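1. Starting from these lines, generate the structure:
(chains A and B)
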Amino acid sequence: LAKTTQPISMDSYEGQEVNITCSHNNIATNDYITWYQQFPSQGPRFIIQGYKTKVTNEVASLFIPADRKSSTLSLPRVSLSDTAVYYCLVGDMWNKAAGNKLTFGGGTRVLVKP
Amino acid sequence: GAVVSQHPSRVICKSGTSVKIECRSLDFQATTMFWYRQFPKKSLMLMATSNEGSKATYEQGVEKDKFLINHASLTLSTLTVTSAHPEDSSFYICSAFDRGTYNEQFFGPGTRLTVL
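-> As a prediction, this is how the structure comes out:
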């Protein structure tokens, strides 16, 4: 079971880069790493997904070292609207029916200040 | 990305009654749907996995007779909380996944259940 650990909270200021690291020491070979953003009383929203090395899209970057025991979500130039809870999810959805686990981290509350 | 809806968004019921929550994938066929539960300021906890046309697989500690899941079609899954009690009050979120089309799960907006 790939237990995940994230910092509980993080403060930042508008325009700064925010980096959130998730530890997943027991990640399995077939597991992917996915990051989600969640606002209060809403469902999570997909941000980015990766398996190894670096992935970048229009909103974030995801850095995964060679041993894959951790991952870092990087949010460039955050704004006030980026204040939310960010979750990392480690697992293999394709084989979930076979009983593999999907493990959400505890979430990191990011507060962006003006 | 694909859209997943949930209905109702909020429900208040009396203790002892049953509540049904619907999860629909609006623009894709979901071969798999997941049901999560989330308590205030806590992370999402996976309750069960349902694959279209087969019985749901429940996570350890989740009572299958209390949380009935039906995934009768590729676009609809339902979660019925039977004989609800105040401790069942929570935020219930579904997600949908299509193995052949996407490599991510799409979440619904969630349903806030309050049991009086």
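2. you'd agree B:Met45 is up against B:Gln38?
-> Yes: B:Met45 is in contact with B:Gln38 according to Cβ atoms under 8 Å; the separation is 6.9 Å. For glycine as for every other residue, the C-beta is placed from the backbone atoms N, C-alpha and C.
3. Give the residue from the two that has the larger number of neighbours.
-> Per other Cβ atoms under 10 Å in any protein chain shown, whichever of B:Met45 and B:Gln38 has more neighbours is B:Gln38, with 21 against 16.
4. residue contacts, the residue in chain B positioned nearest to chain A?
-> Nearest residue of chain B to chain A: B:Phe107, at 3.6 Å (Cβ to the nearest Cβ). Contact analysis of B:Phe107 by Cβ atoms under 8 Å, 6 or more residues apart in numbering or on different chains lists A:Tyr36, A:Gly43, A:Pro44, A:Arg45, A:Phe46, B:Val4, B:Ile93, B:Cys94, B:Ser95.
5. could you list every residue that touches B:Asp98?
-> B:Ala2, B:Ser25, B:Phe28, B:Gln29, B:Ala30, B:Thr31, B:Thr32.
6. Skipping adjacent residues, who's closest to the last one in space?
-> Yep, that's B:Thr32 we're talking about. Of all residues not flanking B:Thr32 in the chain, B:Phe97 sits nearest, at 4.6 Å (Cβ to Cβ, 6 or more residues apart in numbering or on different chains).
7. do the fourth one as well
-> Closest residue to B:Gln29 apart from its sequence neighbours, by Cβ to Cβ, 6+ apart: B:Leu74 at 3.8 Å.
8. and that neighbour, how many residues sit next to it?
-> 16.
9. May I have the strands that pair with the helix or strand of chain A with the lowest mean pLDDT, each with its orientation?
-> Ranked by mean pLDDT, DSSP states H and E, the helix or strand of chain A with the weakest confidence is strand A:102-104, at a mean of 75. Strand pairing for strand A:102-104, using DSSP bridges, gives strand A:84-91 (antiparallel).
10. Give me the buried stretch members for the partner strand, please.
-> Neighbour counts over strand A:84-91 (16 or more other Cβ atoms under 10 Å in any protein chain shown) mark A:Ala84, A:Val85, A:Tyr86, A:Tyr87, A:Cys88, A:Leu89, A:Val90, A:Gly91 as buried.
11. pLDDT value on the fourth one, please?
-> At A:Tyr87 the predicted local distance difference test score is 95.
12. What segments of chain A are strands?
-> A:9-13, A:18-23, A:32-38, A:45-50, A:53-56, A:61-64, A:70-75, A:84-91, A:102-104, A:108-113 (DSSP state E).
13. contacting residues around the longest one?
-> Okay, so that is strand A:84-91. Residues contacting strand A:84-91 (Cβ under 8 Å, 6+ apart): A:2, A:4, A:6, A:20, A:22, A:24, A:27, A:31-39, A:44, A:47, A:71, A:73, A:100-105, A:107-110, B:43-44.
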